[in-house]
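K.L.:
the amino acid sequence is not available; the structure is as follows:
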């Protein structure tokens, strides 16, 4: 067995502060008409809702949110055997001409985001699509970049970056679990 | 003639003489010369050591389908009679529902001659009851009997027309032969492929109700009463049919009946999964029916066991359930299946079973076999009642392998079958 | 060939609801929910079965079921081929086992089969490694119809457990009836059947259903009625004297429904014989969920295709851990 080492990168206050910063960056050029936050299931959905609520509280913006389950667009479905359970995808109204910000917890290989882009295209043609993530851990396998990044972590492929949200995990934090040693 | 044959060291079970004890059997000129503990071999006799084996009169099956002519891919007279001796049968009666049917003296003569040529079991032809088995016009029964027919039947189809059935039961009395009836009221069985009941309902298959059989048995029993003719009811499967037979027996009518080995043990549950190997007509019924026909056999309300040996080519059974033919290949598993159904659980003694498979068929049909009495033809079976074996259809002597029993371990192994004093079958590697 | 089947859940094939657990049925219905949404999108297509080949093998004529399957397959991105019995070698003559071998030789991923013989779908499933979906076999089962009926009932009441559902009409010839009975019972509903005794199978009580001889009594009892199609052939075969009399005695009419203590929900698997088993006022009325059934049919079939393409739903969570 390899021993594991857990290091908390952000506590609840840290997450909150980071989300406030991301919210202000997203609206730096104004919130405007047609801004839509779409979270990727599952934790991206919670983060998108918190961002929307921060925007409501701090700037009085009323930004709609949606959710995407990208399961059906994954490029590895044929490799994983039994099909995963699918969650609901809810994209409010017509997104033609909108500015859509995809929200996810961790950006890693970029494959999830590729799937999300493909899925969004089946709902319409937004004016612009941007990406907001709480953590960018590196390790990209596709040419994808985030527009808004809460925290950048240099993690190896064997490390785990765990984002916890109160709605699902009873706490708010970001933890790096690294495989210590080379046993 | 051939050398005398001396079978010694075995246990002789011959219910026709109430015999169940260690004894030797001496055969001279193809007939039984003597049976007894002190019977010695004369000089020059051939000896068979039957130590550990049981010796009984050869089994008799009054209901077999040999498929020749017309269905030689399923079975021939040769392959069928070899399968018979492998199953311990020394006499089989061949049903006439071939293509063309055995409805002429020439056809009867052909089956008889072909059967003799094989030198396996005795093959006795049953003539068709109606021309082309169409249920319309009676065949020339006198001519058929003169050519060697031992009974008439339209088996495969019932004689539906009551008037024809009456005439058959009357006309056959001149020749003292039975009418063998497949009892089924076709108006109650359109599209039917299995027993009507819970399993058919769950599987969505059309049913054959008990009443289709019992109703026809009731009619035929009344016609036997009316005419005095010998009615033999084939393959009784329904408990209600037993009630009709009991009524007939109580009145002393000339009514006899048979039951197959499969109806003595198997139920409709075997059909689940659309198992075409368990598709048979009459169909496998429910436990209550199995118990009723078993009890009827024990009590003599049903007289004999007959296989209804119905070989089918493998690809004919490899079909949708609706389209697969009815029938179970029975000759080579019959004795063992009956051992399992009747003797092993204690419903019947071994002697009782031999009676139902040998003595009783001879008795009801007036044959001189089915006994080891002095002077009877030396039709004998040697077997190991307690030895079990695994059913492997690939090893059947029959041309077909259609059985729901593949892989079953059954008690009772046939070791040697002798017809007219001549060994016609010997199990490999033993005896 | 059977050793390819997973040990639990939906497995390789969908042959009937009789052999599925309540849990598996619930998993299929839950999976159908997100698929409903896909049919509402501007572009009604997801790439989940991209590159999969599916044969719709219809030995019996069918428009509704075949179209529903075809939409489901196409919306999941599969390549489909329709084979109808008439005008092909797939008629009586070529045996089903030969058809199966030919499909196997063409490396088909999935086969949707409609066949007139009970057990035909199982027969095919036992002989080819492809996934087999039963689209109706004889008088046996029509599992996707059963599932869409379940989904529609669940949509109407928010639950299935504890409901009373009566299947009305030609139960003896109905594969829909059997799939409904098995599925509804597994999800905790009480099931009854109603119709002339000549159209009710022997020993139906052995399936745990009660039998109503009068449609009025069934309507009094039931929360939902599933009204079966009465085929003209039944009259010719002597099961009932006439369609007119059938309507008079067993037809689900507005007048009869109005006497029900609750607003009975009415389902019909289609195609309807208006004025025979169901009156137009009922079919087009507020208690009818006949069109939602059709919509749900596509979603349920998408769910089944999706789940079969991957394997057992129980193992789904485990599979998801593979995602970084």
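P.N.:
It's in. Predicted model only: the values in this text are computed from it and were never measured.

K.L.:
all helices of the stretch 1-150 of chain B, in order?
P.N.:
B:77-86, B:105-118, B:141-147 (DSSP state H, counting those that start in this stretch).

K.L.:
and residue B:202, which of those helices is closest to it?
P.N.:
helix B:77-86 (34.9 Å; CB to CB). Just so you know, the C-beta spots here come from the backbone N, C-alpha and C atoms, and that holds for glycine as well.

K.L.:
who touches the closest one?
P.N.:
For helix B:77-86, contacts defined as CB atoms under 8 Å, 6 or more residues apart in numbering or on different chains pick out B:61, B:64, B:66-68, B:75, B:90, B:92, B:94, B:111, B:114-115, B:117-118, B:120-121, B:123, B:309, B:311, B:331-332, B:396-399, B:414, B:417, B:419, B:424-425.

K.L.:
so it versus helix B:105-118, what angle?
P.N.:
50 degrees (axes from the mean of the first three to the mean of the last three CA atoms, to 10 degrees).

K.L.:
now tell me what touches the longest helix along chain A from outside.
P.N.:
Assignment by DSSP state H gives helix A:43-59 as the longest helix of chain A. Applying CB under 8 Å, 6+ apart, the contact partners of helix A:43-59 are A:19-20, A:22-24, A:26-27, A:31, A:37-39, A:61-68, A:102-105, A:132, A:134, A:163, A:165-168.

K.L.:
after it comes which helix or strand?
P.N.:
strand A:65-68 (DSSP states H and E).

K.L.:
so how far is the longest helix of chain A from its chain's centroid?
P.N.:
12 Å (CA atoms, centre = their mean, to the nearest Å).

K.L.:
ok, stretch C:249-260 next?
P.N.:
Taking CA atoms, centre = their mean, one finds stretch C:249-260 lying 25 Å from the centre of the chain it belongs to.

K.L.:
center of chain A, which residue is that?
P.N.:
residue A:104 (0.5 Å; CA atoms, centre = their mean).

K.L.:
contacting residues for it?
P.N.:
Residues near residue A:104 by CB under 8 Å, 6+ apart: A:39, A:40, A:43, A:44, A:47, A:112, A:113, A:116, A:131, A:132, A:133, A:134.

K.L.:
give me the subset of the residues you listed lying in strands.
P.N.:
Assigned to strands by DSSP state E, the following of the contacts of residue A:104 qualify: A:39, A:40, A:131, A:132, A:133, A:134.

K.L.:
what's the nearest residue to residue B:269 once chain neighbours are set aside sitting at in phi/psi?
P.N.:
Leaving aside its sequence neighbours, residue B:269 sits nearest to residue B:199 (CB to CB, 6 or more residues apart in numbering or on different chains; 6.5 Å). Here is the backbone geometry of residue B:199 (degrees, to the nearest 10): phi -70, psi -40.

K.L.:
and the residue in the stretch 201-324 of chain C that chain A sits nearest to, how close does it get to residue A:120?
P.N.:
Here the stretch 201-324 of chain C gets closest to chain A at one residue, residue C:310, 3.0 Å apart by CB to the nearest CB. Separation of residue C:310 from residue A:120 (CB to CB, to the nearest Å): 24 Å.

K.L.:
one more: residue B:268?
P.N.:
Taking CB to CB, one finds residue B:268 at 57 Å from residue A:120.

K.L.:
what's the local residue count around the closest residue to residue B:366 other than its chain neighbours?
P.N.:
With CB to CB, 6+ apart as the criterion, residue B:366 has its nearest non-adjacent residue at 7.4 Å, and that residue is residue B:176. Using other CB atoms under 10 Å in any protein chain shown, residue B:176 is surrounded by 9 other residues.

K.L.:
what about residue B:176, is that helix, strand or coil?
P.N.:
coil (DSSP: H, G, I helix; E, B strand; the rest coil).

K.L.:
which one of residue C:310 and residue A:120 has more residues nearby?
P.N.:
residue A:120 (23 against 20).

K.L.:
quick one: contacts for the residue nearest to residue B:269?
P.N.:
Residue B:199 neighbours (CB under 8 Å, 6+ apart): B:205, B:268, B:269, B:271, B:272.

K.L.:
among the residues you listed, which are in helices?
P.N.:
Per DSSP H, the contacts of residue B:199 never map to helices.

K.L.:
what's the ChimeraX line that selects buried ones from these?
P.N.:
Restricted to buried positions by 16 or more other CB atoms under 10 Å in any protein chain shown, the ChimeraX selection for the contacts of residue B:199 reads:
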select /B:205,268,271
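
K.L.:
so which of the contacts of residue B:199 comes closest to chain A?
P.N.:
Of all the contacts of residue B:199, chain A sits closest to residue B:272, with 28.1 Å by CB to the nearest CB.

K.L.:
measure the closest one to residue B:181 for me?
P.N.:
Applying CB to CB to residue B:272 and residue B:181 gives a distance of 30 Å.

K.L.:
repeat for residue B:242
P.N.:
Distance, residue B:242 to residue B:181, using CB to CB: 16 Å.

K.L.:
for residue A:23, what are its contacts?
P.N.:
A:51, A:54, A:55, A:58.

K.L.:
the third one - how many residues pack around it?
P.N.:
One way to gauge burial is a neighbour count; for residue A:55, by other CB under 10 Å, it gives 21.

K.L.:
same question, the last one
P.N.:
Residues contacting residue A:58 under the criterion other CB under 10 Å number 12.

K.L.:
does residue B:388 touch residue B:409 like I think?
P.N.:
Yes: counting by CB atoms under 8 Å, residue B:409 is a contact partner of residue B:388 at 5.3 Å.

K.L.:
so for those two, which sits in the more crowded spot?
P.N.:
Neighbour count, other CB under 10 Å: between residue B:388 and residue B:409, residue B:388 has more, with 15 against 11.

K.L.:
which one is the residue nearest to the centre of chain A nearest to, not counting chain neighbours?
P.N.:
residue A:44 (4.0 Å).

K.L.:
how about low-confidence regions in chain B?
P.N.:
Low-confidence segments of chain B (pLDDT under 70): B:1, B:429-431.

K.L.:
go again with 90.
P.N.:
B:1-2, B:156, B:428-431 (pLDDT under 90).

K.L.:
pLDDT averaged over the longest helix of chain A - what is it?
P.N.:
Over the span of helix A:43-59, the pLDDT mean works out to 94.

K.L.:
got the buried residues for that helix?
P.N.:
A:43, A:44, A:45, A:46, A:47, A:48, A:49, A:50, A:51, A:52, A:54, A:55.

K.L.:
what of stretch A:16-31?
P.N.:
A:18, A:19, A:20, A:22, A:23, A:26, A:27, A:31.

K.L.:
for the second one, grab phi and psi.
P.N.:
Dihedral angles of residue A:19 (phi, psi; degrees, to the nearest 10) stand at phi -70, psi -40.

K.L.:
so what's it up against?
P.N.:
Applying CB under 8 Å, 6+ apart, the residues contacting residue A:19 are A:47, A:50, A:51, A:54, A:134, A:150.

K.L.:
which of those lies closest to chain C?
P.N.:
Nearest to chain C among the contacts of residue A:19, with distances taken as CB to the nearest CB, is residue A:134, at 15.3 Å.

K.L.:
which residue packs closest to that closest one, ignoring adjacent ones?
P.N.:
residue A:150 (4.3 Å).

K.L.:
isn't that neighbour right next to residue A:17, touching?
P.N.:
No: the pair formed by residue A:150 and residue A:17 falls short of the contact definition of CB under 8 Å, at 9.4 Å.

K.L.:
for the residue in chain A that chain C sits nearest to, which non-adjacent residue is spatially closest?
P.N.:
Residue nearest to chain C within chain A (CB to the nearest CB): residue A:83, separated by 3.0 Å. Spatial nearest neighbour of residue A:83, excluding adjacent residues (CB to CB, 6+ apart): residue C:310 at 3.0 Å.
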